[in-house]
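S.K.: the sequence and its predicted three-dimensional model are supplied below.
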Amino acid sequence: MIEAFSFGNIVVKGITYSNDIKIIQGKVIPTWWRKRGHQVGIDDIQDIIDARPDILVLGKGKPGMMKSTPSLCEFLKQNDIDLIEEKTSKAIKTFNRLFKQGKNVCAGFHLTC
């Protein structure tokens with residue numbers, strides 16, 4: 001599904017995106033902005049939560065600067081959603097593997113720092 005990644009760019013199904021994205025049930029949601037920049041809170045991924053995934057993969061950027069808030073981690077745990085946070089290059093591999101396996105997985109990818 002995700003074909004390529006370089007700093008600031010990601011290619012999904014032949015389309016290049018230059019802003020952070022989310023993937024929900026196989027659909028790309030372009031231009032993902034977070035209220036606090038490098039922090040991911042519940043409000044930042046409400047559409048993902050509403051999709052009720054079993055797994056959420058967060059790509060934290062090339063060097064891994066983006067992080068989920070403690071309240072988000074606790075919320076996901078309480079709602080039986082497994083959280084995988086990795087540098088974006090690794091998170092893409094994880095997402096692709098889980099998606100190809102037919103897992104109920106959603107994702108958010110930070111493309112820069």
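M.R.: Received the coordinates, thanks.

S.K.: and Leu58, backbone torsions?
M.R.: Dihedral angles phi and psi of Leu58 (degrees, to the nearest 10) take the values phi -110, psi 120.

S.K.: residue ranges with poor pLDDT in this structure?
M.R.: Along the chain, the model assigns pLDDT under 70 to no residue.

S.K.: quick one, strands of it?
M.R.: 2-6, 9-12, 15-17, 21-24, 27-29, 39-40, 55-60, 67-68, 82-86, 105-110 (DSSP state E).

S.K.: tell me what the first one is packed against?
M.R.: So that's strand 2-6. strand 9-12, helix 88-100 (3 or more CB pairs under 8 Å, 6 or more residues apart in numbering; DSSP states H and E). No exception for glycine: its C-beta is placed from N, CA and C like everyone else's.

S.K.: I'd like the distance between Phe95 and Pro53.
M.R.: 11 Å (CB to CB, to the nearest Å).

S.K.: for the two, indicate the residue with more neighbours.
M.R.: Neighbour totals were compared for Phe95 and Pro53, and Phe95 leads with 27 against 22 (other CB atoms under 10 Å).

S.K.: wait, isn't that one in contact with Ile2?
M.R.: Yes - between Phe95 and Ile2 a contact is recorded at 6.5 Å, counting by CB atoms under 8 Å.

S.K.: any buried residues in stretch 87-102, and which?
M.R.: Using 16 or more other CB atoms under 10 Å as the test for burial, stretch 87-102 gives Lys87, Thr88, Ala91, Ile92, Thr94, Phe95, Asn96, Leu98, Phe99.

S.K.: which residues does the last one contact?
M.R.: By that I understand Phe99. Taking CB atoms under 8 Å, 6 or more residues apart in numbering, we find Phe99 in contact with Met1, Gly26, Val105.

S.K.: quick check: the gap between it and Ile92.
M.R.: Phe99 is 10 Å from Ile92, by CB to CB.

S.K.: any idea how far the residue lying farthest from the centre of the chain lies from Ile49?
M.R.: Of all residues in the chain, Gln78 sits farthest from the chain's C-alpha centroid, using CA atoms, centre = their mean; the distance is 19.1 Å. Remark: distance between Gln78 and Ile49 (CB to CB) = 11 Å.
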